[in-house]
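Participant: Any chance you could fold what I've pasted below:
(chains A, B, C and D)
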Amino acid sequence: MVDISTSIGPLQLKNPTMLASGIMDEDAGSMQRMIDCGAGAIVTKSIGLKPREGYANPTVIELDHGILNAMGLPNPGIELHGDEIKKLRATNVPIIGSIYGADANEFVSLAQKMQQFGANAIELNVSCPHAKHYGLEVGCDPDLLQKIVSSVKQHVSLPVFVKVSPNIMNLAEIVQSIEEAGADAIVAINTVKAMKINLETARPVLANKTGGYSGKAIKPIGVRCVYDIAQAVDLPIIGVGGITTGEDAIEYFMAGASAVQIGSAVYYRGPEVFKSVCDEIKTWMKNHRYTKITELIGAAFR
Amino acid sequence: MVDISTSIGPLQLKNPTMLASGIMDEDAGSMQRMIDCGAGAIVTKSIGLKPREGYANPTVIELDHGILNAMGLPNPGIELHGDEIKKLRATNVPIIGSIYGADANEFVSLAQKMQQFGANAIELNVSCPHAKHYGLEVGCDPDLLQKIVSSVKQHVSLPVFVKVSPNIMNLAEIVQSIEEAGADAIVAINTVKAMKINLETARPVLANKTGGYSGKAIKPIGVRCVYDIAQAVDLPIIGVGGITTGEDAIEYFMAGASAVQIGSAVYYRGPEVFKSVCDEIKTWMKNHRYTKITELIGAAFR
Amino acid sequence: MNQPIITTILSSFEEATDIKTITFRYPGKITPGQFYMIWIPGVDEVPMSVSSIKQDVKGITFRNIGDATQALYRLRKGDQIGVRGPYGNGFTLTGKRPLFVGGGTGIGMLAPLVEQARRKKLKSTVILGVKTKDELFFEDRFQQIGATVLVSTDDGSVGYQGFASELAKDIIKKERIDAVYTCGPEQMMRSLLSFCKTILFQASLERYMKCAIGICGQCCIGRGLRVCVDGPIFDGTTLKKVQDFGVYRRDAAGRKIPF
Amino acid sequence: MNQPIITTILSSFEEATDIKTITFRYPGKITPGQFYMIWIPGVDEVPMSVSSIKQDVKGITFRNIGDATQALYRLRKGDQIGVRGPYGNGFTLTGKRPLFVGGGTGIGMLAPLVEQARRKKLKSTVILGVKTKDELFFEDRFQQIGATVLVSTDDGSVGYQGFASELAKDIIKKERIDAVYTCGPEQMMRSLLSFCKTILFQASLERYMKCAIGICGQCCIGRGLRVCVDGPIFDGTTLKKVQDFGVYRRDAAGRKIPF
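Facilitator: Predicted coordinates:
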């Protein structure tokens, strides 16, 4: 019998497919639908202290081998989004509150709010490739990062995950400082900085010009990052980047991931993708005589 | 009438399609064939002081949306490779000698040799994602990079190009220090660090485990890097990464490239790709009433 | 490929005060009720339901209200726009005696549907609800299609004085209407729904959109119904369960904006 | 997809001292003269010409010489290997009276070609050139196929004493051979070519390979001929223009290694 339940530190998941931040998480209803569709956990969109409209359209376009977006962290602010999260308290699926900020104080107050609202864990978005003063500027500075993580850990009792970027050279150093700071898990990877230029008008298609590249094309980049992170730290890793099928998820497990997040595949395969991927994982494990996800985690280097 | 000739600083090219380093450049014969096929310039494989066998196979595999390789900088060493370069002196197509080293002294002596052998320019490979002590370790250190570039410039009269990596956060800072050091052009991008795990055997397919991702999937990453570099420096830029068609090349021109390098597309479309891409560039320019490449360069931000 | 394709504007016609129809060449099928994402380079990209379908030439009808529509409004024949789509589910024309109720610019996107009804030889009645005479458009067009056209204005400057929904209420009874298709202000559509206990009802909803491919969540209503993919056309049974129908929409930041 | 597909070894048979044939399940067509890239996980990946084709079961025949072949040699039935391909152009069997000349392990890959000749009802002669008796293999197999089999050994321990090429020289005259197909040591093949002024000649070349998809350049000969894509089978006309044919090959670093 195949058991696909998994755990990320203290957090128990009935299945390893999580909804990635920024996908179908506008409100309680959209997140509820992803739960109905079988997501093992939900990560909210990234929330800041104040409401933020994000960038003008186009904010999302499809590319030949992936998806390019520059939303610009649109969100109603922590107070209003709290109402949405509270509505999900009834569900038995873990809700992970994704937050972004410019400094430790912002992250701390956001994390405290998330805890009040009933989130089951916090995901620190320190890797958004297209939001000035937030995201990458924070995520590539080990000292600032360490300060943020440790202060958040001091002020909330929830597990704290840190989502990292592939757009940095010193990934090992970064995740080690995250581990030292007491984080409970690493989420890898955020999107890859990219651009599409429209030839007819000779201008970048996205209003923000550059954006984050996700989807099928970036899977090999994500797998590599997860593998490298697994060599550098002992923390559980949540793999994200181009996961569309059960075999994609298994590749991430073997690279060292304990769970995966699914985003662009909601476009490729519809909201049913969570159930489909879980079924595919079970079938593959059955055919290859695996019984637990833990047997797969890190298999590529163990 | 459409004119697709271009120039990279002092270097004149009859067409903007260059052979990328590491592709069909094992010897004079293979490079000669690429010239026969219409390449506007040839970049040799990256050469070091001593012969180097590179990694065991598998060194190259195809992925769903690109190509993954970890050759490990195999080369016969500068002395032996010199014999191949000398054989190409007859040709009227510029030969750019790609070199790699661990420090300024190594780069200088390699560059001097290349000049003796008759190379028309030097490409400094400071961005190989899978060669210990070489490549990226060098390419993400602005001070070391500056020292290398300026010493090479002091000791050779040839134009010096520097090939940069997309795997770094501080790209703008890096290229600015390259410009200050007196380089004549930036080549962007080298391959993206990535990995493919074989599920049946639960191990990375490449003998070196991680490798460099090239081909169609990375084009949006390369275009973004070229665009960002064009905002940061005034140097001419040579675009490389996923260029397979004339429109791909034009997208790179609009992002700020003065020429492009073609590698993986030799697999996608065969050695004839150089002529095909040139024909496609001409047709597109004709249909859109452009007459010179210079009208396209940087069109996306001008 | 969900990426804007550049096309040039073939015509720009002022239908009424601040209301224009622009047409452009964009090959491919589209069902009445479906929409395109229209990119005005350098300004914005907005969803626009199709209001005319003539082989490769398609049209959209809109009011000059925001930055995007103002820019669109100013574009002339020969100017470039980007188009991607079609998106959404579109109407499914069932029933033998349809009533079409358009409110404001919602009138525009009903035209291709009424043309479809005509091809099906259905006796169609169309109610055009506007604030005042100057905002009325497409009256002739619907008449040419062969539909019975009724007009309602808030100020009574032409036709029935009052809400289109009220007018519809009577027609539904009198004409033994068995299906109602509507696009307009959500409160209008909501009261209309309350008059359609037993008969078929399809309404086209409008929400702020970003991706239009069903992933960003921006346009979700109810329990995660994506107006861009699961809509924009929803039937009465579905809408009765959607608490936000006619109550609020969300702005770009995700804040609830009451109607 | 040019990525190794994992399959299990169905059989491993010792043909002669240090020479084995292993078979594995790998569906798909392959032409005699084409090759697979064989991945021994954790060890290496090497090109191997096909030596037996039975529907979905394919075989390769090799000598235990390097790390890769030694590892392959030790694998047993049920062990896993990775296979990608087929690669290369393969032989084109023309001519009415073919002679097949195999030297050393080069003998193995000629078998499927001789089987093809048999299906074409051609009268085939096969010369098997080996150093000494113990290294001889496939003699029975070629006889079962119905070919006339001649053996040459350097030491005369069996058959004609001397080089296979010398023996071939006589046969070509005597038997009115109109096409020669060969695989073996390059010097042997080169002298063989010198005896084929007027008749058809196809030789299978071996080079150190990396990508096998025509981009890395490692296996190039002459003016950029890629043994992995443009070869491994080259005809006489081409080879006469290739200076390195029979003279040198390149090691992994690209250094010339004289034969």
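Participant: going forward, measure contacts between C-alpha atoms and count neighbours the same way
Facilitator: Fine.
Participant: who's the residue of the stretch 51-200 of chain C at minimum distance from chain A bridged to?
Facilitator: Residue of the stretch 51-200 of chain C nearest chain A, by CA to the nearest CA: residue C:80 (8.3 Å). In this entry, residue C:80 is beta-bridged to residue C:8, by DSSP bridges.
Participant: That one touches residue C:11, doesn't it?
Facilitator: No - in this structure, residue C:80 is not within contact of residue C:11 by CA atoms under 8 Å, at 11.7 Å.
Participant: Tell me which of these two has more neighbours.
Facilitator: Neighbour totals were compared for residue C:80 and residue C:11, and residue C:80 leads with 20 against 15 (other CA atoms under 10 Å in any protein chain shown).
Participant: Does the strand or helix carrying residue A:250 reach chain B?
Facilitator: Using DSSP states H and E, residue A:250 sits in helix A:246-255. Yes - contact between helix A:246-255 and chain B, assessed by CA under 8 Å from any CA of the partner chain, occurs at A:247, A:250, A:251, A:254, A:255.
Participant: Name the next helix or strand downstream of the helix or strand bottoming out on mean pLDDT in chain A, please.
Facilitator: Lowest on mean pLDDT, DSSP states H and E among the helices and strands of chain A sits helix A:136-139, with a mean of 70. Next helix or strand after helix A:136-139 toward the C-terminus (DSSP H and E): helix A:142-155.
Participant: mind listing what the closest residue to residue C:205 other than its chain neighbours touches?
Facilitator: Counting by CA to CA, 6 or more residues apart in numbering or on different chains, residue C:205 lies nearest to residue C:232, which is 5.2 Å off, once chain neighbours are set aside. Applying CA atoms under 8 Å, 6 or more residues apart in numbering or on different chains to residue C:232 gives the contacts C:33, C:34, C:88, C:89, C:90, C:203, C:204, C:205, C:206.
Participant: What segments of the chain are helices?
Facilitator: No chain in the question, so chain A it is. Along chain A, counting by DSSP state H, helices occupy A:28-36, A:78-87, A:104-117, A:136-139, A:142-155, A:171-180, A:219-232, A:246-255, A:265-269, A:273-287.
Participant: think we crossed wires, I meant chain C
Facilitator: C:67-74, C:106-119, C:139-145, C:164-174, C:186-194, C:236-241.
Participant: okay if I get those as TSV plus mean pLDDT and mean neighbour count?
Facilitator: Formatted as TSV, these follow (pLDDT from 0 to 100; neighbours: other CA atoms under 10 Å in any protein chain shown):
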stretch	mean pLDDT	mean neighbour count
helix C:67-74	96	17
helix C:106-119	97	22
helix C:139-145	96	15
helix C:164-174	95	18
helix C:186-194	96	20
helix C:236-241	96	15
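Participant: of all these, which lies closest to residue D:240?
Facilitator: Among those, the nearest to residue D:240 by CA to CA is helix C:67-74 (68.7 Å).
Participant: Quick check: residues of the stretch 201-302 of chain A near chain B?
Facilitator: A:202-204, A:210, A:213, A:216-218, A:220-225, A:247, A:250-251, A:254-255, A:299-301.
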